[in-house]
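*Asks:* need coordinates for the below:
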Amino acid sequence: MSGHSKWANIKHRKAGQDATKGKIFTKLGKEIAVAVKEGGADQSINRKLKDTISKAKSNNMPNDSIDRAIKKAVGDKDSINYETIIYEGYGPNGIAVMVEALTDNKNRTAANVRSAFNKGKGNMGTTGCVSFMFDPKGQILIEKEDNTNDDDLMMLALDAGADDFLADDEGYEIITSPENFSDVCTKLEETNLTLVSAEVKMIPQTTNKLDEENAKYMQKMIDMLDDDEDVQNVWHNWDEE
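*Replies:* The predicted structure follows:
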């Protein structure tokens, strides 16, 4: 999932994903497999797996599909080894972009990512060229419902370990440290609230707007990256609102 705009962009993205759930679930299954391979299948001791499962649930991945992905990873000792690679670069007008990929072919992935940057009027940079502009944070978005009490939800989130709680007309944004993300998600899920989005991501420290023409190129880049089977996440500091 990509972007900074919290509501319009996420709703648009999720609506588009409805037609490509298979691809989204395949990517999530790959993340689950890598997490299991690195730390085992026990969520209580494998925080990365627990975080990935929270992300999968917020993307409406069925529980039985999650369980199958875990069991498959446990039983498949000879599965493909995926390597996590972070690419950094710039979109049009200097927009900072970070791309996280899981790949078994670095040459293929690098070529595809570079092509997306170029066609989006951007360019790939060196490691570290934009990562200093982002902070790793857990971000949880909850859509506002008629029976939701703002103060009660804020206290629940903060007591569970959240760092910040923001409310607007459409919903709530809860920010956590990566370490507390899973605990906060668990507490919120117990309330039966629908998590629109829940993941540990790179959140930009500042954002920048684009004019209409450059925005089209930036969106083209994002769409190409999202369509790539090796790309798991795209983060940027474009203010799409």
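*Asks:* got a list of contacts for the longest helix along the chain?
*Replies:* If you go by DSSP state H, the chain has its longest helix at helix 21-39. Identification of contacts with helix 21-39 by CB atoms under 8 Å, 6 or more residues apart in numbering yields 17, 45-49, 51-53, 55-56, 59-61, 65-66, 69-70, 72-74, 76, 79, 82, 84, 102, 229, 232. No exception for glycine: its C-beta is placed from N, CA and C like everyone else's.
*Asks:* can you tell me which of those residues are in helices?
*Replies:* 17, 47-49, 51-53, 55-56, 65-66, 69-70, 72-74.
*Asks:* drop anything exposed from these.
*Replies:* 17, 47-49, 51-53, 55-56, 65-66, 69-70, 73 (16 or more other CB atoms under 10 Å).
*Asks:* now render those as a markdown table, adding distance to residue 90 and pLDDT.
*Replies:* Converted to a markdown table, these look like this (distance: CB to CB, whole Å; pLDDT from 0 to 100):
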| residue | distance to residue 90 | pLDDT |
| --- | --- | --- |
| 17 | 26 | 54 |
| 47 | 32 | 89 |
| 48 | 29 | 91 |
| 49 | 33 | 92 |
| 51 | 28 | 91 |
| 52 | 29 | 93 |
| 53 | 33 | 92 |
| 55 | 27 | 90 |
| 56 | 31 | 91 |
| 65 | 36 | 91 |
| 66 | 36 | 92 |
| 69 | 35 | 89 |
| 70 | 38 | 91 |
| 73 | 36 | 85 |
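*Asks:* still on that earlier bit, and which of the ones in helices among the contacts of helix 21-39 is nearest to residue 121?
*Replies:* residue 17 (25.3 Å; CB to CB).
*Asks:* find the nearest non-adjacent residue to residue 203, please.
*Replies:* residue 137 (4.7 Å; CB to CB, 6 or more residues apart in numbering).
*Asks:* give the other helices and strands that the helix or strand that that neighbour is a member of contacts.
*Replies:* If you go by DSSP states H and E, residue 137 is part of strand 134-143. Applying 3 or more CB pairs under 8 Å, 6 or more residues apart in numbering; DSSP states H and E, we find strand 134-143 packed against strand 171-176, helix 181-189, strand 195-204.
*Asks:* cool, thanks, talk later.
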